[in-house]
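S.K.: this is a predicted model, with the sequence first.
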Amino acid sequence: MSEALINTKIQKAVLRYARIAPRKARLVANLIKGLSVNEAEAQLIYNTKRASKIILKLIQSAKAGALAKKFDLNKLYVKNILVNQGPMFKRYLPRARGVATPIQKKTSHIEVILIEKDNVKPKYTIIQNKKSKVKKEALKQFKEKKDLEQNLEDKKQKKSQEGFFKKFFRRKSV
């Protein structure tokens with residue numbers, strides 16, 4: 001094994017038989033791969049999908065385990081998150097003409113791997129001057145709108161200055 005892997009500290013948490021389809025859980029899991037634990041928690045708190053609550057609890061569990069092993073929480077990152085299919089509960093729904101339709105209630109096995117690294121930059125950075133950027137965009141849009149209005153007024157003035165014959169012989173179907 002390489003020295004880099006030996007020196008990194010790894011914390012793992014596993015959730016078995018989660019009552020959510022793995023396909024739905026993977027959508028949320030792919031959002032937080034490679035993020036720091038704090039960024040991942042922030043993403044999951046504000047995500048509206050049902051899987052985000054389940055994965056958030058799992059990450060908090062892994063974070064608590066890392067804290068017990070005296071990891072530095074500021075250097076903790078989500079290295080990988082795996083969502084595998086668990087067993088299916090098979091049920092049947094009665095339908096027309098005495099036919100039974102099968103229903104598959106799927107379960108998932110979710111595994112989170114956290115690592116502590118020293119020199120890893122966060123995946124996302126926070127924009128500090130967000131307000132000034134928004135103001136500049138609004139000002140730019142306002143100026144563009146004003147220019148358009150000015151161009152429309154200029155065209156109206158040109159049309160009113162046209163002579164009688166230009167108006168009379170202009171084609172009606174434009």
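M.R.: Nice, I can see it. From a predicted model like this one, the values you see are computed outputs, not experimental measurements.

S.K.: is S61 in contact with A13, as I believe?
M.R.: Yes. With contacts counted by C-beta atoms under 8 Å, S61 reaches A13, the gap being 4.8 Å. In short, each C-beta sits where N, CA and C put it, glycine included.

S.K.: and these two? Which one has more around it.
M.R.: Neighbours per residue, other C-beta atoms under 10 Å: of S61 and A13, the larger number sits with A13, 20 against 15.

S.K.: where do the helices sit along this protein?
M.R.: Using DSSP state H, the helices of the chain run over 3-7, 22-32, 37-46, 50-68, 130-161, 164-169.

S.K.: okay, angle between the third one and helix 22-32 too, please.
M.R.: By that I understand helix 37-46. Orientation of helix 37-46 against helix 22-32 (axes from the mean of the first three to the mean of the last three C-alpha atoms, to 10 degrees) gives an angle of 130 degrees.

S.K.: got the angle between helix 37-46 and helix 50-68?
M.R.: Here helix 37-46 runs at an angle of 150 degrees relative to helix 50-68 (the same axes, to 10 degrees).

S.K.: what's helix 37-46 packed up against?
M.R.: If contacts are counted by 3 or more C-beta pairs under 8 Å, 6 or more residues apart in numbering; DSSP states H and E, helix 37-46 sits against helix 22-32, helix 50-68, strand 76-85.

S.K.: can you put these in JSON lines and add distance to F142?
M.R.: Formatted as JSON lines, the helices and strands packed on helix 37-46 follow (distance: least, C-beta to C-beta, whole Å):
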{"stretch": "helix 22-32", "distance to F142": "35"}
{"stretch": "helix 50-68", "distance to F142": "38"}
{"stretch": "strand 76-85", "distance to F142": "42"}
